[in-house]
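>>> here's a sequence, model it:
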Amino acid sequence: MQDTYLMPASQSGRRRSGADYRPSIKKAQGHVPACLVNASVTYCSNDRIYAFGGFDQFTDEVYNHVLKLDLETLRWELMDNYGDIPGVRMGHTATLYQGDKLIVFGGENEHREYLSDVVILDLNTFHWTLPEIHGPDPRGRARHAAVIHEDKLFIVGGVTGVGAGTGEKNVVLDDLNYLDLQTWTWSRTWSFTARFDHTAWVWGTRLWIFGGLGPNMDRSTDIWWLDLKGSPSLAGNTTPQGSVNSLALNLSTAYLPDSMSSSPLLSPRSGTYAANSGSVQVRHLGRRKPVAPGAISCLHFESGPHVPSLFSGTHFHSFASGVLLDLITPSETVRSHDCNLSALELSSLRWQRLADGQEIFRPGYRWHYCTINDAGTKAWLLGCSLDVANVPGGSDENHMSEVLIIDLEKYGLLGNGLSAEAPEPDAPWPSDQSGLSQVSGLGTDLAAVFDQPPESGSGADFIVTAIRDDHEGSVSDDMSETPAASPTQAPPKFVEANAWTSQPIHVHKIILQLRWPHFKRLYSAQMAEYHTKRMHVPEPYSVVRAFLYYLYTDSIAGHPEYCSSVIDVAGMLVMANLYDMPRLRLLCVNRLSRELDVDNAAIVWERAGRTNEHWLMRRAAQFCLTYWGRVVRTEGFKSLSHKSLIELCEVVDTEGRIIAGPELEMVASAADGDRTRPRLGSTADEMSELGDDEGMEIS
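You can find the predicted model right below:
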C-alpha cells in the first residue's frame with residue numbers, strides 16, 4: 001500500500017455539510033462608482049472603505065472623487081471635500097495615518113505626468129491640506145507601494161517617465177525613501193529592488209516586498225525584506241541633499257517594453273479636471289544612488305504543491321496575522337476551480353493552501369479590489385456582476401456594485417491581536433516557530449507556579465484531576481458519538497474520581513475564576529467542588545493539563561512539557577467547544593491546521609467534526625486522502641470509533657478508486673512528473689515545502 005494513491009474521480013462526489021462556511025456576496029447601493037482602474041481603496045476604522053481617484057476605462061476619464069462605502073449598510077456615498085483638493089490621478093497610494101487621515105502620494109494625471117506631491121485628507125472634516133515638505137523630493141511615480149511605520153511613510157518602487165514630462169519612455173524604479181511624518185522631511189533615495197504593482201508592509205523590524213512586475217514585465221515570485229533595525233539612516237537621520245554615499249552604484253535605467261508604454265493605462269488622457277501639474281517631477285535617471293542601508297535578503301519560490309501560481313488569474317496580496325495572503329480570483333480565462341486562497345507564514349516562509357477557489361467564488365462575478373480590516377479577521381472584495389439576466393438593463397460590469405465578504409477566521413487565521421510576534425532582531429530568520437501566541441510578560445510569571453504543590457511555596461489552593469492517559473476507554477472516546485455542544489448548552493457535569501483518576505494538578509482558584517467562565521459559574525453556585533477544593537474533569541490528563549496551562553499563560557505554544565502533542569491540542573479544541581471559549585478554539589484550529597501529519601490527521605479530522613470546524617475537517621480529510629496508505633496504519637486511525645471510521649472512508653468520492661504500480665507512475669507523470677505528485681512526508685508544512693525546498697533560492 002505504500003505505493004498506492006487514492007484517486008478521486010470527480011469533485012461532485014464530495015459530501016458537503018449544510019453548515020459549511022461560504023463567503024457571501026451582497027449588492028451595494030447608493031452612488032455606486034465605476035470599476036475604476038488604479039484607484040486607491042483603503043479600509044479605515046469603523047468599517048468604512050474610502051476610494052479616491054482612478055481611471056474609468058469606459059469614459060476615458062481620470063477622477064479625483066472621494067467615495068465612502070459603509071460596510072454595515074453597504075451603501076456608497078460621494079463625499080463633499082474641501083481645502084487643497086488634489087488634481088485627478090491614478091496609480092497613487094492613500095495610506096491611513098493615526099486612524100483618521102489619508103496620506104496621498106504620487107500617481108499619474110491625465111497628461112501622463114508623474115506626480116510626487118503629498119496631500120492629506122482629514123476623514124473627520126473631509127478637508128484636504130498640503131503640508132510644508134522639506135528635503136529632496138523623490139521622483140514622481142505611479143503604481144508604487146507605500147507603508148507607514150513609526151511615523152515614517154516608506155515609498156518603494158513604481159513607474160515613472162523620462163523625457164519632457166510627457167512620459168515618452170517609462171521606467172521601473174528601484175527607489176526606496178521615506179517621509180518623516182513628524183518633521184515632514186524626505187530622506188535621501190536608496191536602491192532596493194525594481195518593482196511596480198507590488199505590495200509592501202512592515203512586520204517585526206523588516207520592510208517586506210512581494211508581488212508586482214519587474215522591468216521585463218514578468219510577474220515576480222520573489223519576496224524581499226530589508227532590515228530596518230540598527231540603520232541610522234532608516235531610523236530617522238536624513239542625508240543632506242546632494243551628498244553621495246561611498247557605496248554608490250551606477251545603476252542602469254530599466255525601461256518598460258513598448259507594449260507597456262502604449263498600454264491604455266499609460267496612454268494620454270483628455271479629462272475635465274485640471275492636473276496638479278505643480279507637483280510633476282522630471283529628473284535625470286542617470287544619477288548615482290547608494291544601496292539601501294541594512295541587510296537585504298530575497299527568497300525565490302520556483303514551485304511546490306502550495307506555492308500559488310503567479311502567472312494566471314488576478315492576484316490580491318495583503319498582510320494580516322503574521323502571514324502574507326495571496327488570493328487568486330477568477331478572470332475571463334481563469335475559472336474558480338483554478339483559484340485559491342494561500343498564506344505565506346513569514347516566521348517560517350512556508351506556503352499553505354487555505355481554501356480552493358470553488359469554496360470562495362461563485363461564477364458570474366469579477367473582482368477589482370481587495371481590502372482587509374485592521375484586525376486582520378475580515379476581507380472585502382469589490383467588483384461587479386456579469387450576469388446580464390439578473391441585472392436590470394443588462395450587465396453591471398462597469399460598476400463596483402458587488403461586495404464579497406470573507407471571514408478570515410473561518411480559514412484558521414488568528415487575526416493581528418492573536419498572531420505570533422515577529423522573531424527578535426538577533427534571532428535567525430526565517431525561524432521555525434511551532435507554536436503560536438508565545439508566552440511572555442505575566443504569563444511567564446504565572447507559568448512558574450503552575451502545577452506546583454503548596455509546600456513549594458506556590459500558593460496553590462485547588463486540585464484538578466483527570467483521566468489517566470493510559471486509560472484505554474476514556475470518556476473522551478465515548479463522547480465521540482455525541483454532537484458538539486452549542487454555547488447555550490451546559491457542558492457535561494464533572495464525574496467522581498475513580499481508579500483511573502490521574503495524579504493531582506495543583507492550581508489557583510483565582511486564576512481559574514478569572515480565565516474559565518464555566519468554573520466561575522460553578523464556584524459562585526458553591527457546588528461540591530467549592531467545599532472540597534477539588535474537581536475531576538472527565539478528559540485525558542495531558543489534555544486537561546494543557547488546558548489549565550493555557551489558562552495560566554494564554555498560550556498553546558509547543559512547550560516541551562505542556563501542549564507538545566497535537567493530539568492534546570485536538571482535545572483542547574473539544575474542551576474549547578464544550579466550555580464556549582472562542583479564543584482558545586481559534587488558537588487550536590490554527591495550530592492544528594499547521595501541524596497536520598500522518599499520525600494525527602485522523603484524530604484531527606474526528607475532533608474537527610465533533611466541534612463543527614468544517615474547514616479544518618475538510619483540510620484533514622484531504623490530507624488523509626493524500627496519505628491514505630500511511631494514515632490507515634496509524635494508531636490514531638485505529639482508535640476512531642466504528643461510526644467515525646465509516647464516515648472517514650465515505651469522504652472518498654463515490655467513483656473513487658485505488659490505483660497502484662505502473663498505473664500510479666503514469667498518473668504521476670501525466671501530472672507534470674514527480675514534482676507534483678504528493679510524497680509521503682511528516683507534517684503538513686513539510687508537505688507544502690516538498691516542491692518549495694527544491695526550488696527555493698535565498699540570498
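
>>> count of residues packed around Leu446?
Leu446 has 18 neighbouring residues, counting by other CB atoms under 10 Å. From N, CA and C alone the C-beta is placed, and that goes for glycine too.

>>> tell me which element it is part of?
Here Leu446, judged by DSSP states H and E, is contained in helix 442-447.

>>> so how far is the helix or strand just after that helix off the chain centroid?
On the C-terminal side of helix 442-447, the closest following helix or strand by DSSP H and E is strand 462-467. Its chain's C-alpha centre and that of strand 462-467 lie 39 Å apart, by CA atoms, centre = their mean, to the nearest Å.

>>> strand 462-467 packs against which elements?
strand 505-507, strand 534-540, helix 541-553 (3 or more CB pairs under 8 Å, 6 or more residues apart in numbering; DSSP states H and E).

>>> for the second one, which strands pair with it and how are they oriented?
According to DSSP bridges, the neighbouring strands of strand 534-540, each with its direction, are strand 462-467 (parallel).

>>> what angle do the strand it pairs with and helix 541-553 make?
150 degrees (axes from the mean of the first three to the mean of the last three CA atoms, to 10 degrees).

>>> tell me which residues in strand 462-467 are buried?
Neighbour counts over strand 462-467 (16 or more other CB atoms under 10 Å) mark Phe462, Ile463, Val464, Thr465, Ala466, Ile467 as buried.

>>> need those in a markdown table with distance to Asp568 and pLDDT, can you?
Below are the buried residues of strand 462-467 laid out as a markdown table (distance: CB to CB, whole Å; pLDDT from 0 to 100):
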| residue | distance to Asp568 | pLDDT |
| --- | --- | --- |
| Phe462 | 21 | 94 |
| Ile463 | 20 | 94 |
| Val464 | 15 | 94 |
| Thr465 | 17 | 93 |
| Ala466 | 11 | 92 |
| Ile467 | 13 | 91 |
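
>>> what ranges do the strands span in the stretch 251-400 of the chain?
Remark: strands assigned in the stretch 251-400 of the chain by DSSP state E, counting those that start in this stretch are 296-300, 314-320, 323-329, 340-345, 350-356, 365-372, 378-385.

>>> for the second one, give me every contacting residue.
I take that to be strand 314-320. Strand 314-320 has contacts (CB atoms under 8 Å, 6 or more residues apart in numbering) with 198-199, 201, 203, 208, 210-211, 308, 324-331, 334, 367, 369-372, 376-377, 379, 381, 408, 413, 415-416.

>>> same deal with the fifth one?
Strand 350-356 is contacted from outside by 301, 304-308, 337, 339-345, 411-413, 593-594, 615, 684-685, 688-689, 692, using CB under 8 Å, 6+ apart.

>>> quick check: the farthest pair among the buried residues of strand 462-467?
Distances among the buried residues of strand 462-467 were taken as CB to CB; the most separated pair is Phe462 and Ile467, at 18.5 Å.

>>> how far is stretch 116-126 from where the chain is centred?
28 Å.

>>> give me the residues contacting that stretch.
With contact meaning CB under 8 Å, 6+ apart, stretch 116-126 is reached by 44, 48, 50, 52, 66, 79-82, 84, 86, 94, 97, 100-106, 127-131, 133, 137-141, 179, 276, 278-281.

>>> same check on stretch 209-217?
The contact list for stretch 209-217, computed with CB under 8 Å, 6+ apart, reads 145, 156-157, 171-172, 192-200, 219-220, 222-225, 254-257, 259-260, 310, 315, 317, 324, 344.

>>> how does the protein divide into domains?
1-20+597-682, 311-434, 437-594 (automatic domain parsing).

>>> weakest of the ones you listed by average pLDDT?
Lowest mean pLDDT within the domains of the chain: domain 1-20+597-682, a mean of 72.

>>> tabulate the strands of the stretch 251-400 of the chain (TSV), appending mean neighbour count and distance to Asp122.
Output for the strands of the stretch 251-400 of the chain, formatted as TSV (neighbours: other CB atoms under 10 Å; distance: least, CB to CB, whole Å):
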stretch	mean neighbour count	distance to Asp122
strand 296-300	15	36
strand 314-320	20	25
strand 323-329	24	30
strand 340-345	23	35
strand 350-356	22	37
strand 365-372	20	20
strand 378-385	22	24
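
>>> among those, which is nearest Asp20?
Across the strands of the stretch 251-400 of the chain, closest to Asp20 is strand 350-356 (CB to CB), at 11.1 Å.

>>> in PDB, list the C-alpha atoms belonging to that closest one.
Provided in PDB are the C-alpha atoms of strand 350-356 (Å, rounded to 0.1, in the frame of the first residue of the first chain):
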ATOM      1  CA  ARG A 350       6.300  28.400   4.200                       C
ATOM      2  CA  TRP A 351       3.200  28.400   2.000                       C
ATOM      3  CA  GLN A 352       0.000  26.600   2.800                       C
ATOM      4  CA  ARG A 353      -3.300  26.400   0.900                       C
ATOM      5  CA  LEU A 354      -6.200  27.700   3.000                       C
ATOM      6  CA  ALA A 355      -9.100  27.200   0.500                       C
ATOM      7  CA  ASP A 356      -9.800  26.300  -3.100                       C
END
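
>>> how much distance is there from that strand to the middle of the chain?
A distance of 10 Å separates the centroid of the chain from that of strand 350-356, by CA atoms, centre = their mean.

>>> please apply the same query to stretch 90-110.
23 Å.

>>> so for it, mean pLDDT?
The average pLDDT within stretch 90-110 is 96.

>>> test my guess that Ile511 contacts Tyr550.
No - the pair Ile511 / Tyr550 is not scored as a contact, 11.1 Å apart, by CB atoms under 8 Å.

>>> the helices and strands packed on strand 462-467 into a markdown table, with extra columns for distance to Lys229 and mean neighbour count?
Below are the helices and strands packed on strand 462-467 laid out as a markdown table (distance: least, CB to CB, whole Å; neighbours: other CB atoms under 10 Å):
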| stretch | distance to Lys229 | mean neighbour count |
| --- | --- | --- |
| strand 505-507 | 40 | 22 |
| strand 534-540 | 44 | 20 |
| helix 541-553 | 28 | 24 |
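
>>> just tell me which of the ones you listed ends up closest to Ala422.
Closest to Ala422 of the helices and strands packed on strand 462-467, according to CB to CB: helix 541-553, at 19.6 Å.

>>> if I pick the spatially closest residue to Arg515 that is not a sequence neighbour, what's in contact with it?
Once flanking residues are discounted, Arg515 sits nearest to Leu551: 4.2 Å by CB to CB, 6 or more residues apart in numbering. By CB under 8 Å, 6+ apart, the contact list for Leu551 reads Ile511, Leu512, Arg515, Trp516.

>>> now those as TSV including secondary structure and distance to Asp20?
Formatted as TSV, these follow (DSSP: H, G, I helix; E, B strand; the rest coil; distance: CB to CB, whole Å):
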residue	secondary structure	distance to Asp20
Ile511	helix	37
Leu512	helix	35
Arg515	helix	31
Trp516	coil	30
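
>>> ok, those vs Pro293, which is closest?
In terms of CB to CB, no member of those lies closer to Pro293 than Arg515, at 45.1 Å.

>>> that closest one: how many residues sit nearby?
Using other CB under 10 Å, Arg515 has 18 other residues around it.

>>> quick check: it vs Lys509, distance?
11 Å (CB to CB, to the nearest Å).

>>> returning to what we had before: ChimeraX command for the buried members of the contacts of stretch 209-217?
Buried residues within the contacts of stretch 209-217, by 16+ other CB under 10 Å, are selected in ChimeraX with:
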select :145,156,157,171,172,192,193,194,195,196,197,198,199,200,220,222,223,224,225,256,260,310,315,317,324,344
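
>>> follow-up on the earlier one: out of the domains of the chain, flag the one nearest Arg188.
Smallest distance to Arg188 across the domains of the chain (CB to CB): 23.8 Å, for domain 311-434.
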